[in-house]
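**Q** missing the sequence, but the structure's below:
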Ligand code: SAM
């Protein structure tokens with residue numbers, strides 16, 4: 001028999017897990033696979049900083065996992081309590097188990113299973129930052145994470161992924177954002193949907209291109225900018241390049257064919273946001 005339905009939010013359980021075969025552990029490890037992430041609609045954030053950022057940003061959290069030996073650290077307890085109050089289960093696991101759940105090059109004693117959130121296409125419109133970054137089919141998770149972090153740093157409005165793209169919720173992409181994932185809206189659209197957004201954009205659409213005729217420092221960024229960046233291998237497609245009001249180029253000396261996608265995005269974003277970015281009074285040398 002079930003009792004009357006309570007309006008109180010569910011408080012998570014506290015569980016100690018001692019076996020690799022535990023279904024929760026198997027499920028979290030399987031989140032390394034894109035297919036499982038897609039089916040479950042959650043992803044793994046590794047490290048106390050990322051999980052704390054997710055909690056601060058109000059993202060849904062399904063599980064808070066920590067190594068048994070850090071369970072009595074105050075910062076871990078505070079984050080665990082916050083996660084539990086939001087309905088997350090708190091799982092205490094041994095180092096042996098945890099080390100199989102996190103990436104080895106940067107072992108962390110805390111991880112969170114966080115609900116995926118994407119911005120709707122309707123949100124891709126000028127905000128306070130006056131610039132959205134459109135990435136055409138980016139493939140490298142490190143590039144995507146670095147770009148999300150840079151968009152956050154310069155105060156741009158968000159990132160729109162156009163066409164088949166790397167998963168922004170892969171562990172590597174999440175890690176490269178250094179927590180900015182939880183502050184920067186990310187939308188995902190098809191090329192057709194993007195061209196509709198572009199048609200409604202009330203400012204300037206700027207494409208970066210190796211054969212762009214305009215020096216990126218001389219382009220007009222006075223109106224809200226939709227900044228289009230090309231794919232790592234093939235650059236900006238002809239269809240998107242044709243949709244630009246201006247095609248800009250970053251001058252290069254030396255033998256390099258091009259700049260890395262994340263570097264080119266950062267250089268251009270700093271130019272677009274230059275008038276808005278100042279050190280606080282007294283901060284400069
Ligand atoms: N082989 C590709 C091509 O032909 O475009 C190189 C792509 S590059 C690694 C990735 C993206 O970064 C480019 O599509 C462009 O958006 C941007 N990019 C890189 N270097 C650039 C430069 N010097 N000027 C303008 N955009 C650049």
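**A** The structure has been received and is ready for your questions. What you see is a predicted model; the values in this text were computed from it and never measured.
**Q** every contact and neighbour count from this point should use C-alpha atoms.
**A** Will do.
**Q** in this protein, which spans are strands?
**A** 14-17, 42-46, 61-67, 89-93, 110-115, 131-136, 158-162, 186-189, 204-208, 214-215, 225-229, 246-249 (DSSP state E).
**Q** strand partners of the last one, parallel vs antiparallel please.
**A** Sheet neighbours of strand 246-249, with direction, are listed as strand 204-208 (parallel), strand 214-215 (parallel) (DSSP bridges).
**Q** looking at these, which is buried most?
**A** Mean neighbours per residue, mean count of other C-alpha atoms under 10 Å, is largest over the strands paired with strand 246-249 for strand 204-208, with a mean of 24.
**Q** identify all contacting residues around that strand.
**A** With C-alpha atoms under 8 Å, 6 or more residues apart in numbering as the test, strand 204-208 has contacts from 198, 221, 223-230, 236, 240-241, 243-249.
**Q** circling back to that earlier point, I'd like the strands paired with strand 246-249 laid out as a markdown table, including distance to residue 20 and mean pLDDT.
**A** Formatted as a markdown table, these follow (distance: least, C-alpha to C-alpha, whole Å; pLDDT from 0 to 100):
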| stretch | distance to residue 20 | mean pLDDT |
| --- | --- | --- |
| strand 204-208 | 48 | 98 |
| strand 214-215 | 56 | 98 |
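**Q** rank the strands of the chain by pLDDT, which is bottom?
**A** Among the strands of the chain, strand 14-17 has the lowest mean pLDDT, at a mean of 91.
**Q** list the contacts of the longest helix along the chain.
**A** Counting by DSSP state H, the longest helix found in the chain is helix 141-154. The contact list for helix 141-154 (C-alpha under 8 Å, 6+ apart) reads 133, 138, 157-159, 166-168, 170, 172-181, 183-184, 261-262, 265-266, 269-270, 273, 277.
**Q** can you narrow the residues you listed to ones near the ligand?
**A** Checked against the ligand using C-alpha under 6 Å from any ligand atom, the contacts of helix 141-154 give the following subset in range: residue 261.
**Q** restricted to helices, list the contacts of helix 141-154.
**A** Mapping the contacts of helix 141-154 onto helices (DSSP H) picks out 172, 173, 174, 175, 176, 177, 261, 262, 265, 266, 269, 270.
**Q** for the fifth one, which non-adjacent residue is closest in space?
**A** Put plainly, it is residue 176. Nearest non-adjacent residue to residue 176, counting by C-alpha to C-alpha, 6 or more residues apart in numbering: residue 145, 4.4 Å away.
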